[in-house]
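1. The following block contains a protein sequence and its predicted model.
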Amino acid sequence: MSKKAPWITYRPELKVLDCTIRDGGLINDSQFTDDQVKAVYEACVEAGIDYMEIGYMNSTEVFPTDQYGPWRHSQEEDLRRVVGDHSAERTGLKLAAMLDAGGKSDWKNQPLPREESVLDMLRIACYASQITEAAEMVHHCHELGYETALNIMAISTVKDAEIDQVLEIARGTPAQVVVVVDSNGNLYREQVDHLVRKYRKALDGTGKEVGMHAHNNLQLAFANTIEAIILGCNRVDSTMFGLGRGAGNCPTELLLGFLRNPKFKLRPVLAAIQETILPMKQQIDWGPSIPYNITGQLNAHPRFAMAFRDGDAPDDYTAFYDQMMSEE
């Protein structure tokens with residue numbers, strides 16, 4: 001097989017979204033410095049990455065500014081302080097932010113019209129039970145001129161019949177992308193196969209793409225992302241060095257190496273990891289560990305493992321196992 005472009009990994013229409021700052025903000029209350037965000041931004045530009053999700057666009061009332069950093073709110077002045085007069089036409093990189101359903105975002109008032117913002121895409125994150133509000137949010141952001149995506153979270157906890165209903169509603173929205181989100185890091189290959197095929201069938205004929213956002217509790221985030229790609233998923237999420245909540249995400253550096261698309265350049269990502277992400281590891285805990293593995297196996301939210309890892313005995317694995325099993 002050619003080392004330049006193995007047939008299964010090269011697909012020009014496949015787009016990579018790096019969500020290092022957005023997802024990573026869940027482990028440090030979005031308290032990144034401007035220099036850290038700028039380093040990731042510049043790496044994304046130089047690496048030829050298609051989208052960078054620069055933060056959440058959540059309410060300052062729900063997430064007060066004295067506790068959360070500016071990347072929890074993605075206000076325009078903060079964005080421009082780092083990226084200047086960014087344009088996708090000049091850089092080749094589109095900027096995105098995420099709005100949560102369920103009262104976390106003041107979505108009727110927060111986003112500016114697209115022509116007034118450096119952002120290109122708004123992604124709406126919701127649980128299955130919040131799909132009605134999320135659909136309204138997608139329509140609103142679309143009317144403001146943005147590309148839109150719908151991220152249906154914790155999909156491993158949702159029954160098949162309910163997924164069908166959610167996808168029927170998603171089909172009727174203007175979202176360009178509907179994302180399979182493995183929030184609990186619980187999915188195996190067979191489940192990824194089932195879900196990606198289900199999403200593609202439900203969205204067939206709409207022009208919508210299926211996306212994949214994988215967490216690494218079972219150390220399968222990269223493998224599950226590859227499986228989704230093989231099945232025709234054309235939008236994939238990743239973070240540099242896997243930076244993200246709990247066990248982290250599919251690593252951008254592994255994904256770019258796998259795709260073999262000559263437009264992607266690996267060295268800028270490695271430099272950002274070495275100079276910006278790796279030093280964070282000394283202060284912040286993330287990445288695969290046995291407590292996250294246990295929550296992944298149990299299809300439990302990683303918050304339990306995160307709290308345990310913040311305690312006095314983060315490596316007392318049997319105590320955590322006993323604790324989780326007693327709550328089953």
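-> Nice, thanks for sending it over. Numbers count the residues shown, from 1 in each chain.
2. all contacts plus neighbour counts: C-alpha atoms, from now on.
-> OK.
3. For stretch 88-104, list the C-alpha coordinates in CSV.
-> The C-alpha trace of stretch 88-104 is given here as CSV (Å, rounded to 0.1, in the frame of the first residue of the first chain):
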residue,chain,number,x,y,z
ALA,A,88,-11.8,31.9,6.4
GLU,A,89,-11.2,33.2,2.8
ARG,A,90,-7.7,34.4,3.9
THR,A,91,-6.7,31.6,6.3
GLY,A,92,-8.5,28.6,5.0
LEU,A,93,-9.8,28.0,8.6
LYS,A,94,-13.4,28.5,9.7
LEU,A,95,-14.1,29.4,13.3
ALA,A,96,-16.9,27.8,15.4
ALA,A,97,-18.4,28.2,18.8
MET,A,98,-20.8,25.9,20.7
LEU,A,99,-24.2,26.9,22.3
ASP,A,100,-25.7,24.5,24.8
ALA,A,101,-29.4,23.9,25.0
GLY,A,102,-31.2,23.6,28.3
GLY,A,103,-30.9,27.2,29.5
LYS,A,104,-27.1,27.4,29.5
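4. what's that stretch in contact with?
-> With CA atoms under 8 Å, 6 or more residues apart in numbering as the contact definition, stretch 88-104 has outside contacts at 22, 44-45, 48-59, 62, 74, 87, 105, 107, 118-127, 130, 133-134, 137.
5. can you pull the buried residues of it?
-> Buried residues in stretch 88-104, counted by 16 or more other CA atoms under 10 Å: L93, K94, L95, A96, A97, M98, L99, D100, A101.
6. ok, now stretch 150-164?
-> Residues of stretch 150-164 classed as buried: L150, N151, I152, M153, A154, I155, S156, T157, I163 (neighbour count, 16+ other CA under 10 Å).
7. Repeat that for stretch 124-136.
-> For stretch 124-136, burial by neighbour count (16+ other CA under 10 Å) applies to I124, A125, C126, Y127, A128, I131, A134, A135, E136.
8. quick one: the helices in the stretch 51-200 of the chain?
-> Along the stretch 51-200 of the chain, counting by DSSP state H, counting those that start in this stretch, helices occupy 76-83, 88-91, 131-143, 160-171, 189-203.
9. so which of the ones you listed comes closest to T295?
-> Closest to T295 of the helices of the stretch 51-200 of the chain is helix 189-203 (CA to CA; 17.2 Å).
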